[in-house]
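S.K.: Here's a sequence, model it:
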Amino acid sequence: EFCLDPDSAQSAFELFNDLVSALDATVEEFGMYKYQHVNDIYLVSCPRGALPGIDQEQEPYPEDYTTQMALLAFRIKEVVETFYTHSG
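M.R.: Alright, predicted model coming up:
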């Protein structure tokens, strides 16, 4: 029978919460939009992709979004690696 120690469960929850909070702050820093996170999926979009009706007159697609999304991906990798290092 599998039983998770309550202290371990609380610790895991706190670690996950801290990770998601750090990712949320990073996404905001880069001006992107977080749709949601479910289980191990964390979905991010540029503002135009997330809210397409707001910038209907915006043509062509801003290059800045592409650059920021690429830089965000590298930063997210760094954030996750920091948590991986601290968690053992």
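S.K.: ok, which stretches of this structure are strands?
M.R.: The residue ranges that make up the strands of the chain, judged by DSSP state E, are 33-38, 41-45.
S.K.: For those, give me TSV that also has mean neighbour count and distance to Gln10.
M.R.: Just so you know, the C-beta spots here come from the backbone N, C-alpha and C atoms, and that holds for glycine as well. Output for the strands of the chain, formatted as TSV (neighbours: other C-beta atoms under 10 Å; distance: least, C-beta to C-beta, whole Å):
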stretch	mean neighbour count	distance to Gln10
strand 33-38	12	19
strand 41-45	15	22
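S.K.: roughly how far apart are Lys34 and Ala73?
M.R.: The spacing between Lys34 and Ala73, counted by C-beta to C-beta, to the nearest Å, is 14 Å.
S.K.: per-residue pLDDT, Arg48?
M.R.: pLDDT, the model's per-residue confidence, is 68 for Arg48.
S.K.: And the helices in this structure?
M.R.: Ranges of helices within the chain are 6-29, 47-50, 63-87, based on DSSP state H.
S.K.: Now do the first one, average pLDDT.
M.R.: With pLDDT averaged residue by residue, helix 6-29 scores 86.
S.K.: Can you check what angle separates that helix from helix 63-87?
M.R.: Relative orientation of helix 6-29 versus helix 63-87 (axes from the mean of the first three to the mean of the last three C-alpha atoms, to 10 degrees): 160 degrees.
S.K.: residues in contact with Gly31?
M.R.: With contact taken as C-beta atoms under 8 Å, 6 or more residues apart in numbering, Gly31 is in contact with Pro47, Gln68.
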